[in-house]
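**Student:** Quick one, structure for this:
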Amino acid sequence: MFELVIGCVFIVLLLTLAGWFGWQQVQSLRKLRHRGQMSPEDFAYFRRQCYRRIVGSFLTVVLALMFLGWYTLGFGSSLDRISDRVDEAHARGQPFRETDLNEKEKADLAFNWSYLMVLLLVLFAWIGIACADIMAIRRYGMRHRKRIREDRLAMLRRQLPEWQRERGRRE
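**Tutor:** Predicted structure coming up:
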């Protein structure tokens with residue numbers, strides 16, 4: 001029962017966060033239509049960032065729905081029953097083999113593993129999107145840091161002759 005409550009809270013939290021962040025990104029895309037004096041590179045960066053985050057929100061919804069399916073379709077309980085049978089066999093000192101399962105249990109086990117693998121693929125895709133976003137943020141920061149450094153160097157090159165003249169007057 002406790003597992004079900006925690007699972008439901010987790011699912012509601014995932015759906016709420018996905019909806020909130022997805023809505024925020026849609027609003028950001030609407031604001032990007034009026035880009036003002038934004039450079040083309042920055043505009044492309046922010047547009048792609050919004051799309052990446054919308055995809056991440058979509059994957060979060062898919063993940064939450066897959067967790068919901070896991071709890072509502074009772075996949076965990078069927079695996080618990082098979083696990084209990086394995087524990088009973090080990091308690092009696094007997095090995096548990098695949099042949100000890102009936103056809104329905106074998107089909108349930110195969111479907112549960114397939115479902116779990118798809119869930120893990122969605123989770124890895126979600127992590128991949130997050131990593132791509134982090135790398136894009138890093139590239140964006142490095143590009144702007146380089147631009148600031150170049151601007152500062154150009155400013156110093158313009159001011160250097162003036163400083164040298166002032167220094168020559170003082171000496």
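**Student:** for the protein, longest helix please?
**Tutor:** For the chain, the longest helix by residue count, based on DSSP state H, is helix 103-170.
**Student:** Buried residues in the worst-scoring helix or strand of the chain on mean pLDDT, which are they?
**Tutor:** For the chain, counting by mean pLDDT, DSSP states H and E, helix 75-91 ranks last in confidence among helices and strands (a mean of 76). The neighbour-count check on helix 75-91 (16 or more other Cβ atoms under 10 Å) flags 75, 78-79, 82 as buried. C-betas here are computed from N, CA, C, even on glycine.
**Student:** Make TSV out of the residues you listed and add distance to residue 159.
**Tutor:** Shown next, in TSV, are the buried residues of helix 75-91 (distance: Cβ to Cβ, whole Å):
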residue	distance to residue 159
75	70
78	75
79	72
82	77
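**Student:** just those now: which is nearest residue 109?
**Tutor:** Checking those against residue 109 by Cβ to Cβ gives residue 82 as the nearest, at 6.4 Å.
**Student:** so what's the closest one up against?
**Tutor:** 101, 105, 108-109 (Cβ atoms under 8 Å, 6 or more residues apart in numbering).
**Student:** Over to residue 52?
**Tutor:** In this structure, residue 52 makes contact with 129, 132-133, 136, judged by Cβ under 8 Å, 6+ apart.
**Student:** Just the buried ones out of these, please.
**Tutor:** For the contacts of residue 52, buried by 16+ other Cβ under 10 Å: 129, 133.
**Student:** circling back to that earlier point, put together JSON lines for the contacts of residue 82, with distance to residue 8, neighbour count and pLDDT on each row.
**Tutor:** As requested, the contacts of residue 82 are exported to JSON lines (distance: Cβ to Cβ, whole Å; neighbours: other Cβ atoms under 10 Å; pLDDT from 0 to 100):
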{"residue": "101", "distance to residue 8": "30", "neighbour count": "16", "pLDDT": "73"}
{"residue": "105", "distance to residue 8": "27", "neighbour count": "16", "pLDDT": "78"}
{"residue": "108", "distance to residue 8": "23", "neighbour count": "18", "pLDDT": "82"}
{"residue": "109", "distance to residue 8": "25", "neighbour count": "15", "pLDDT": "82"}
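**Student:** where's residue 38, which helix or strand?
**Tutor:** Per DSSP states H and E, residue 38 falls between elements, in no helix or strand.
**Student:** That one: neighbouring residues, count only.
**Tutor:** 13 (other Cβ atoms under 10 Å).
**Student:** So it versus residue 31, what's the distance?
**Tutor:** Residue 38 sits 11 Å away from residue 31, going by Cβ to Cβ, to the nearest Å.
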